[in-house]
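[1] Kindly return the folded structure for what I paste below:
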Amino acid sequence: MSLISEKKVRFMAKKSSKKKSVSKKINKKLRYAGTSLLSLLLIAVVSFVLDVTGIADILPDLNDSNIENDVNTGNNSSTQGSNTDVKAPDSGKDTGTNNNSGSSTKPVITDNVEYNYEDLRVHFIDVDQADCIFIECGGEYMLIDGGNPETGDKVVNYLISNGVSTLKYYVGTHPHADHIGCVKKIFANFEVENAIKSKCPTKSQYEKAFLSGIENRNSHVITPGMDEYSKEMTLGNATFKCLTVDKEYDDVNAWSIVILLTYKENKFVFTGDAIKLTENDILATGVDIEADVLKVGHHGSYTSSGKKFVQAVNPAYAVIMCGENNDYGHPHAETVATLEDEDIIVYRTDKMGTIVCTSDGKNLHFTAEKVK
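    Down below sits the predicted model:
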């Protein structure tokens, strides 16, 4: 089976059921066993019992290919949670354990993806320990965040190289430097038709630069939760809405704008640094947030990506945006474990650089700057 076919089968299987079968649970336990002789004997015994009882007829083959995958990705039980991370300064609460081993399900990378003008492309631009997501569809462009001030030139050059002169939307999810730190350069280099900003009352220097840019460009301001226009917006043939709850928070990250984008049969959820409290408030509204791709919240911090939220999104793929060997230990082992438990294929900018997901409205293809 080709890689693309394998991906399609895995994707269809993922979408067909939100509950794991007994076979997946058994398989998952076995592949963490390792490659020792004792482990192989254990696998043989379990396989024999399944064959004798007839259960094997309704379960997939239990072989050592999954163990092989874990060895290739460096993912085993002895490497998880072995490091202690540094407390994150932006929330003062980021004390999860580090996980640098990657996902147990190996990402599929496609070379030379054909891109039609009307199709959707989502660029997860590698801006180190920060967020920057560039979206294009039908000749219209949107930028979500943009990263720190020091990566501003990289982002500007990336957009220019992709033919951008005007952004239909610029979204500042919340006023932290690692999200809107480059806002001054964005407004200095591009026309911005619509500026979507958080309701967060915190006025950082970057928020002030955001407001100044809006004034200089005479951009239309959209504040989700306060503006009727924010209910549903268009980008080419794609539509999106901000899943904002009319509520106040103490944590700046909790104010993050969460976006659900739809292009034909494919859906994406972008979360900024939204924490579990925000996620739960969104779930409480009863909105359907099931999607194919999840941009993992807060760089993979344990403060985001609650199990109920991840299960509600039920993605086939997830993207973690974090810096290589970052000081905060992102992504945290807790988050990686949640994604693994749901059999989600994970892509990471710290390991793969800039990641681009292309959608023709039905099929998804991923390319990466570097493959590890």
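[2] For burial, what's the neighbour tally of Arg121?
    Arg121 is flanked by 18 other residues according to other Cβ atoms under 10 Å. Using the backbone N, CA and C atoms, a C-beta is placed for each residue, glycine as well.
[3] roughly how far is the helix or strand that contains it from the heart of the chain?
    Following DSSP states H and E, one finds Arg121 within strand 120-124. Taking Cα atoms, centre = their mean, to the nearest Å, the mean C-alpha location of strand 120-124 is offset from the chain mean by 12 Å.
[4] residues in contact with the very next helix or strand once past it?
    Counting by DSSP H and E, the next helix or strand C-terminal to strand 120-124 is strand 132-137. For strand 132-137, contacts defined as Cβ atoms under 8 Å, 6 or more residues apart in numbering pick out 118-125, 141-147, 151, 155, 158-159, 162, 164, 182, 235-238, 261, 263, 270, 295, 321.
[5] in the helix or strand hosting Val336, what counts as buried?
    Assigned by DSSP H and E, Val336 belongs to helix 333-341. For helix 333-341, a neighbour-count test (16 or more other Cβ atoms under 10 Å) marks Ala333, Glu334, Thr335, Val336, Ala337, Thr338, Leu339, Glu340, Asp341 as buried.
[6] Now the buried members of the contacts of strand 132-137.
    Applying 16+ other Cβ under 10 Å to the contacts of strand 132-137, the neighbour count classes 119-125, 141-147, 151, 155, 158-159, 164, 182, 235-236, 238, 261, 263, 270, 295, 321 as buried.
[7] show me the contacts for the residue nearest the centre of the chain.
    For the chain, the residue nearest the mean C-alpha position is Lys295 (1.8 Å; Cα atoms, centre = their mean). When contacts are counted by Cβ under 8 Å, 6+ apart, Lys295 is found next to Phe124, Asp131, Ile133, Phe268, Val269, Phe270, Thr271, Ala318, Val319, Met321.
[8] which stretches of the stretch 201-350 of the chain have low pLDDT?
    Judged against pLDDT under 70, the stretch 201-350 of the chain has no low-scoring part.
[9] Kindly recompute the last result at 90.
    Scanning the stretch 201-350 of the chain for pLDDT under 90 picks out the ranges 202-204, 225-231, 244-246.
[10] Could I get the full set of strands for it?
    In the stretch 201-350 of the chain, strands defined by DSSP state E, counting those that start in this stretch lie at 220-222, 233-235, 238-242, 259-263, 266-270, 293-295, 317-320, 345-348, listed in chain order.
[11] Quick one: those strands as CSV, columns for distance to Pro175 too.
    What follows is the strands of the stretch 201-350 of the chain, written out as CSV (distance: least, Cβ to Cβ, whole Å):
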stretch, distance to Pro175
strand 220-222, 15
strand 233-235, 21
strand 238-242, 16
strand 259-263, 17
strand 266-270, 17
strand 293-295, 19
strand 317-320, 22
strand 345-348, 25
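[12] just those: most buried one?
    For the strands of the stretch 201-350 of the chain, the stretch with the most neighbours on average is strand 317-320, a mean of 26; neighbours defined as mean count of other Cβ atoms under 10 Å.
[13] I'd say Ser301 and Val336 touch.
    No: using Cβ atoms under 8 Å as the test, Ser301 is too far from Val336 to be in contact (11.2 Å).
[14] check which helix or strand covers Val356.
    Going by DSSP H and E, Val356 is part of strand 355-359.
[15] Count the residues that sit near the closest residue to Phe309 other than its chain neighbours.
    Excluding its sequence neighbours, the residue lying closest to Phe309 (Cβ to Cβ, 6 or more residues apart in numbering) is Glu279, at 3.8 Å. Neighbour count of Glu279, defined by other Cβ under 10 Å: 25.
[16] now the one 4 residues further on
    Residue neighbour count, defined by other Cβ under 10 Å, stands at 18 for Leu283.
[17] which ones are touching it?
    Counted by Cβ under 8 Å, 6+ apart, Leu283 has contacts Ile289, Lys308, Phe309, Ala312.
[18] quick check, nearest of those residues to Ser256?
    When these are compared for distance to Ser256 (Cβ to Cβ), Phe309 wins out at 13.0 Å.
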